[in-house]
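Student: here are the coordinates; sequence isn't available:
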């Protein structure tokens, strides 16, 4: 059983919701990334989502773009990120998920990338620019691995929802609002009916992300979902604190302590 | 009418899920509406009465004499309203947008030509228009920024990444993700996710359709060679496409070699790129070993793009089209040569095609015919060229 599945099962038994927290690998440094993962776990995060910095992050807003650019400017490479994940995996069993743009996987070699993920103990991949229509080229390389490709569902998906979730693993990532990460003005007007349509279409746990800015939003979302994803809000904290683990632990604890 | 999602392995739809339904909706509207008589007549009306089509196919006699080789014809897209081929595609897309009930349009622009064309069309049809433009390009192309504003468009500076066309495109796509419900994204070249490369090609094929009829009328036979510059590749796709089945017609796409391929400061995706994914499409790209997109360089802002349209990638792999590259220096020489010999100041983009045509013509006999797409006029580039020549005179002779 994949660590993500185990985590959701455990949470369900304890009648708890998952707190999934995002960060950018190498922001502000790869050493900080490792320390921050432990800090988040101590603060009460249940799943860690790690963004692999990319030059052209189409789905991300300014906060995450800037963090990724800083990491790239410092010369962070995939080898550093995989090595960091291996170190982390020796110390904790918390589920680790990569948010990775498809060209990163494609350029590295799909097989090589998946193998490296397995060796580093990565449990899932979120690929924001690989819709269902293009997944075929990835699928053959996933057979026999325990890596979940997390399906993304948007408020505009509508009649696509069912097909999107077929064969899905891990959990469903529901995009709360249109646009890029961290730029939400308000949640999509039909968020309730959107989330319930997803719930009807799958037995997988569902989590909601994009524009969850703080404790109030987490609280507001929890009744509808099994997990809440906090991205830009944490990246901003990491930026402002210079990657200070104590401050990030406190921030995550504040979010999880509901 | 049905259209393929891919050209061989190239193209596709590498976009966030949020955009999939808007893209499917666009494809549906395009295939059902743009093949109708009503649409074709409307499009033809605006191309004739507003753009001034057909554009002439002009025999460049003095240039031909100078080169003592094949006869060179110029397809004069520079004579279109707004001064380049971009307007053809823009009007097609805006008519489609209007049909789909969209009142707001967005576009990306590098040099500003596509931005100006979109702002022009938006004014014509009374639509709200926002153009995304890299901060760096805004500095380089102040006149076009002013033009767009004069036409009633809002120019949105882009400060992310390299602050050029690549990032303006990212930003336009991000905006579309946020506003797809009420906004139409007017892509300026044969790039982006399916169905855009096909749509833009179909709206630009008027260049090749006209050229074909015109050369048959003038010479009573097809040309031997077609030459056009390739940034994203819309003027070249437009010229080439109607000739694809004519195996006797050789085609040359011209990329920007910038300061020279060996200097790494260029925009030649076929010369040095590898297959990857950018802006929703799989194609040849300038990228590093880990897939980070590398900045492109060309004296011509319109060719300053690290990728190339996916259909070009297909034509490259199948060897139907040959791709060459021309340096900044060679383009500048051709720019001055055409100005002096023919009284035509070409856009720096088109000067790349002229430079290649000169090379090719010199190797061929006077019985042979070359058709070059003169995709735009050079008024916008006079300042850049003056600066460059000044620098060379001031700094290069020491």
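Tutor: Yep, that arrived. Bear in mind the structure is a predicted one, so any value in this text is a computation, not a measurement.
Student: taking the mean pLDDT, what do you get for stretch A:193-207?
Tutor: Averaging pLDDT along stretch A:193-207 yields 94.
Student: How about the residues of the stretch 1-150 of chain B by chain A?
Tutor: Neighbours of chain A within the stretch 1-150 of chain B, by C-beta under 8 Å from any C-beta of the partner chain: B:5, B:12, B:13, B:14, B:15, B:16, B:17, B:18, B:19, B:20, B:21, B:22. To be clear about C-beta, it is placed using only N, CA and C from the backbone, and glycine gets the same treatment.
Student: Would you map the strands across the stretch 1-150 of chain A?
Tutor: A:18-24, A:47-51, A:96-99, A:124-126, A:148-149 (DSSP state E, counting those that start in this stretch).
Student: Over to the stretch 151-258 of chain A?
Tutor: So, for the stretch 151-258 of chain A - with DSSP E, counting those that start in this stretch - the strands run A:152-153, A:172-175, A:206-209, A:227-230.
Student: helices or strands next to the third one in the packing?
Tutor: This means strand A:206-209. Contacts defined by 3 or more C-beta pairs under 8 Å, 6 or more residues apart in numbering or on different chains; DSSP states H and E place strand A:206-209 against strand A:18-24, strand A:172-175, helix A:191-201, strand A:227-230.
Student: run the last query once more with 7 Å
Tutor: strand A:172-175, helix A:191-201, strand A:227-230 (3 or more C-beta pairs under 7 Å, 6 or more residues apart in numbering or on different chains; DSSP states H and E).
Student: for the record, mean pLDDT for the first one?
Tutor: The predicted model gives strand A:172-175 an average pLDDT of 96.
Student: residues in contact with it?
Tutor: Residues outside strand A:172-175 that contact it (C-beta atoms under 7 Å, 6 or more residues apart in numbering or on different chains) are A:126, A:150-155, A:165, A:195, A:198, A:202, A:204, A:206-210, A:229, B:18.
Student: Please indicate which of the residues of the stretch 1-150 of chain B next to chain A are buried?
Tutor: Buried subset of the residues of the stretch 1-150 of chain B next to chain A (neighbour count, 16 or more other C-beta atoms under 10 Å in any protein chain shown): B:12, B:13, B:14, B:15, B:16, B:17, B:18, B:19, B:20, B:21, B:22.
Student: Helix or strand: which one has the last one?
Tutor: Assigning secondary structure by DSSP states H and E places residue B:22 in helix B:20-33.
Student: quick check, residue B:391 in a helix?
Tutor: Yes: with DSSP: H, G, I helix; E, B strand; the rest coil as the criterion, residue B:391 is part of a helix.
Student: any low-confidence regions in the chain?
Tutor: The chain I'm using is chain A. Applying pLDDT under 70 to chain A flags residues A:182-187, A:258.
Student: Sorry, I should have been clearer: chain B.
Tutor: Checking chain B against pLDDT under 70 turns up B:393-398.
Student: quick one: the strands in it?
Tutor: Secondary structure of chain B, counting by DSSP state E: strands at B:6-7, B:10-11, B:57-59, B:71-76, B:104-109, B:128-134, B:154-158, B:183-186, B:225-229, B:250-258, B:274-278, B:281-285, B:321-327, B:369-374.
Student: Would you tell me which of the helices and strands packed on strand A:206-209 gets closest to residue B:321?
Tutor: Among these, the nearest to residue B:321 by C-beta to C-beta is strand A:172-175 (39.6 Å).
Student: Next, work out how far apart residue A:168 and chain B are.
Tutor: 12 Å (C-beta to the nearest C-beta, to the nearest Å).
Student: Tell me if I'm right that that residue and residue A:206 touch.
Tutor: No: the criterion here is C-beta atoms under 7 Å, and residue A:168 misses it with residue A:206 at 10.3 Å.
Student: and residue A:72, how many neighbours?
Tutor: 18 (other C-beta atoms under 10 Å in any protein chain shown).
Student: Now do it against residue A:54, distance only.
Tutor: Distance from residue A:72 to residue A:54, counting by C-beta to C-beta, to the nearest Å: 8 Å.
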